[in-house]
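> Show me how the following folds:
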Amino acid sequence: MAFDLGSLNPEQRDAVVTFQGPVLILAGAGTGKTRTLTCRIVHMIDRGVAPGHILAVTFTNKAAREMQERVHEMVPKSRGPKRHRDEPEDPYTARPTLCTFHSLCVRILRQHIEKLGYKRNFVIYDEGDQLAAMKKILSAISAKGEKTDAGAVLSMLSKFKNSGPDSPVFGDESVRALAQHVSRRYESALRAANAVDFDDLILLTLRLFREHPEALEACRRRWRYVMVDEYQDTNASQFELVNFLTKESRNLCVVGDDDQSIYGWRGAEIANILGLEKHYPEVKVIKLEQNYRSTNTILKAANAVIRNNTKRRGKNLWSAKGAGNKIVVHAFTTDDEEAQTVADNIEYDRVAHRVPWGGQAILFRTNLQARPIETALRKAKIRYRLIGGQSFFDRREIRDFLAYVKTFVNPADDVSLLRIANTPARGLSDVTMERLLAFSSERHTSVHAVMKHTDVQASFQPRTAEAIRVLLAFIDRIREPILGMQRISLSDWADAWLKETGYLEDLRRQEKDPEVADNRVRNISELVASLDGGEVRMVRPAAKPGPLAGKSLAVAAGLVEEKAPAKPAEPEPVIVRPPPTYLGSPMDRLNEFLEDLTLDSDRESDKDDAGDLVTLITMHAAKGLEFPHVQIVGVEDGLLPHMRSKVEGTLDEERRLFYVGITRAQESLRISHCGSRRKYGQFLPCHPSPFLKELPADCYNSAEGGTGEAVDSKGGDDFFAAMRAALDD
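Sure thing, here's the model as predicted:
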């Protein structure tokens, strides 16, 4: 392989060749940390380290996939003899393990969870499943008419599970008691369904390591070199997991930037990166400071701002790209004026400097700030994408389909069974299901199990009892093909039970808008087609146009004269599935399918929208991204820093968030604040952020008015004159 180290700068090279013992790579924004990590893995393999002994852990599936793609390009796959599923893999022919923390824990638990009293085919509850389970618990323990926010209770429970009952967050004894009480019932509900949630994946792995040293030793033998990306975002449990794996070998490499630690509200502990020497006193610290993204003016501003945080590891970013343009700091009267000028700036850049919409990003502290900007962009006919919004996997029809699959995989999954029991309607009302749930609580078993009890069936009216038996028979009949080892098409299997249930017809009946109904059915069809793996390809057969094909509603109604021939309507797409490769038992394949969907929660936000679009995104979500031209809006006291930071003592984290926003920009940066911002229908006064005073005076120009162009002490050119001049060129 003979990897060429000459393509790296001196600090990157040092990080790559040092793979024995603990290493801390302080990788500033835009310093090429992913490339450094990838090259480190390749160099280790080149120096004789077995690929199967290498583990690299990161936080998002997007980052893990990017690393996998780069490593797979650089390291040819070794082909070894075929092995049985339970046979140990040869570490020299295996691939490095590159995954997220949660994916790593799933791998470990699938092998060893039976030692903890669970079955190996456990299901993983996503946020929707957790909310449904919590709502049932709260309905049972709350007073009549009392409403409790299930999401808030789950958030409290997550802190309780990760931080422990002695955490300062539970200073109130009543809150601690409530957390303990709800926690017991919640854990019992999950255990009854042989289910775990995201917190459990790590906590159960830690419990496994504490109680079963042989499982820990097996993992240590397998992964002898451990790397952790975005180490500043780790919490206490994640640190403990990493420490378990590397405490003896000491071959730990962590990569991170304390200046980009912005997830304290999610439990991230910056002390993990600031105090690594307490646990690994012999650690070698390597700083990556050469930035390959931004101009030196942008980096000088970022360095000056972040230097005001005292608890940090010092570093000074620099670039070989030159000084570049000065930052523009713009003051507006209102957020409407701010939004209008943002749109004007984008159009000016497009016309005068040929900057495509896709080269522009608008960053803000909260999603609420996006509304006036969206309005201005729409008026200007500027296409954009707002990062966020409803995920494909949060849509009702998708959740229904997955609930069916989860029920067939594990009938003891109460949340999924309760969701599909009467979807479509089959004579099992909410009252019936509540009674069945009460029976299951009394008998400490699942709803599916209690439905089989003849005395329970006898307690219902004959028609309801028959509906229960029909549902049980249906579940057993559909489960039968996936319980064996026969290699079947899961797509054909799903098509069959969807047709039997009449779910798609019911979906169409429930939607008043035929187009919405078609989209929902198409969503299900695409998901069914993906059960057997591979990408879904769409072909559109020829079809005769309908009488209103291609006509708008206004034309069809005779309100507007039709000016052009109608286009033929697009017929319904036909799903063409990839060639079948039915590897593994149907149950194993379904479990893999569900794990991938549950763990890969960021797959929708990872997709790059096709076309030339301006990006609207929060600064939290923008971490790890970069854009040629960036506008940070609403840099005001109370927004950035957020008003909560003064109460919670998180001003340093807010400054780091501003630093992250600044360092997203490659070529140009505009920063704006308003004198008033609309809230609850009226304009409320705003004040500039104190962070603006930390910008070096020689890094920016101030601008006022509605032009969006910098105005220094000598004045500036008129925006529209500049626009006319650009158009005349």
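
> Where does pLDDT dip in the chain?
Per-residue confidence for the chain (pLDDT under 70) gives these ranges: 1-3, 76-88, 143-147, 163-176, 388-393, 533-583, 599-610, 680-681, 704-729.

> what's the span of stretch 203-219, first residue to last?
16 Å (C-alpha to C-alpha, to the nearest Å).

> Of all the residues in that stretch, which ones are buried?
203-206, 208-209, 215-216, 219 (16 or more other C-beta atoms under 10 Å). C-beta here means a position set from N, CA and C on the backbone, and glycine is covered the same way.

> Return the residues in contact with residue 437.
136, 414, 418, 447 (C-beta atoms under 8 Å, 6 or more residues apart in numbering).

> For those, which entry has the maximal number of neighbours?
residue 414 (27 neighbours; other C-beta atoms under 10 Å).

> Okay, it and residue 151: tell me how far apart.
19 Å (C-beta to C-beta, to the nearest Å).

> same question, residue 43
Taking C-beta to C-beta, one finds residue 43 at 45 Å from residue 151.

> neighbour count winner among these two?
residue 43 (21 against 13).

> quick one: which helix or strand includes the more buried one?
helix 33-46 (DSSP states H and E).

> now the strands: where do they sit in the stretch 551-700 of the chain?
574-576, 614-618, 627-632, 665-679, 682-685, 700-704 (DSSP state E, counting those that start in this stretch).

> And the fifth one, what does it pack against?
By that I understand strand 682-685. Helices and strands touching strand 682-685, by 3 or more C-beta pairs under 8 Å, 6 or more residues apart in numbering; DSSP states H and E, are strand 665-679.

> can you check the third one too?
Identification of packing neighbours for strand 627-632 by 3+ C-beta pairs under 8 Å, 6+ apart yields helix 335-353, strand 360-364, helix 651-662, strand 665-679.

> Please tabulate those in CSV, including the columns distance to residue 267 and mean neighbour count.
Output for these, formatted as CSV (distance: least, C-beta to C-beta, whole Å; neighbours: other C-beta atoms under 10 Å):
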stretch, distance to residue 267, mean neighbour count
helix 335-353, 32, 21
strand 360-364, 24, 26
helix 651-662, 13, 24
strand 665-679, 29, 22
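
> CSV please, covering the ones you listed and showing distance to residue 462.
What follows is these, written out as CSV (distance: least, C-beta to C-beta, whole Å):
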stretch, distance to residue 462
helix 335-353, 64
strand 360-364, 60
helix 651-662, 62
strand 665-679, 59
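
> how about these, which one is nearest residue 521?
Closest to residue 521 of those, according to C-beta to C-beta: strand 360-364, at 35.4 Å.

> Convert the helix or strand just after that closest one to CSV, retaining C-alpha atoms only.
Downstream of strand 360-364, the first helix or strand assigned by DSSP H and E is helix 370-379. Only the C-alpha atoms of helix 370-379 are listed here, as CSV (Å, rounded to 0.1, in the frame of the first residue of the first chain):
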residue,chain,number,x,y,z
ALA,A,370,-36.1,31.8,9.9
ARG,A,371,-39.7,32.9,9.3
PRO,A,372,-39.1,36.5,8.1
ILE,A,373,-36.1,35.3,6.1
GLU,A,374,-38.2,32.7,4.3
THR,A,375,-40.8,35.3,3.5
ALA,A,376,-38.2,37.6,2.0
LEU,A,377,-36.6,34.8,0.0
ARG,A,378,-40.0,33.7,-1.4
LYS,A,379,-40.9,37.3,-2.4
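
> ok, and what's touching helix 370-379?
335-336, 338-340, 342-343, 346, 362, 364, 384, 386, 614, 616, 633, 678.

> Residue 469: what's it in contact with?
residue 457.

> From residue 423, how far out is it?
Counting by C-beta to C-beta - residue 469 and residue 423 are separated by 18 Å.

> cool, and residue 71?
Taken as C-beta to C-beta, the span from residue 71 to residue 423 is 43 Å.

> How about residue 631?
45 Å.

> Neighbour count: the two, which is higher?
A direct count of neighbours by other C-beta under 10 Å for residue 631 and residue 423 places residue 631 higher, at 26 against 17.

> Bridge partners for the nearest residue to the more buried one once chain neighbours are set aside, pull those for me.
Spatial nearest neighbour of residue 631, excluding adjacent residues (C-beta to C-beta, 6 or more residues apart in numbering): residue 670 at 4.4 Å. According to DSSP bridges, the residues that bridge with residue 670 are residue 328, residue 631.

> So residue 670 is in contact with residue 327, correct?
Yes - counting by C-beta atoms under 8 Å, residue 327 is a contact partner of residue 670 at 7.2 Å.

> relative to helix 33-46, how tilted is the helix or strand hosting residue 70?
Using DSSP H and E, residue 70 sits in helix 61-74. Put simply, helix 61-74 runs at 40 degrees to helix 33-46, going by axes from the mean of the first three to the mean of the last three C-alpha atoms, to 10 degrees.

> How about residues contacting the following helix or strand past helix 61-74?
Per DSSP H and E, the first helix or strand lying C-terminal to helix 61-74 is strand 97-100. Identification of contacts with strand 97-100 by C-beta under 8 Å, 6+ apart yields 52, 54-61, 64, 67-68, 71, 104, 107, 223, 599.

> please redo it, this time with the cut-off set to 6 Å
55-56, 64, 67-68 (C-beta atoms under 6 Å, 6 or more residues apart in numbering).
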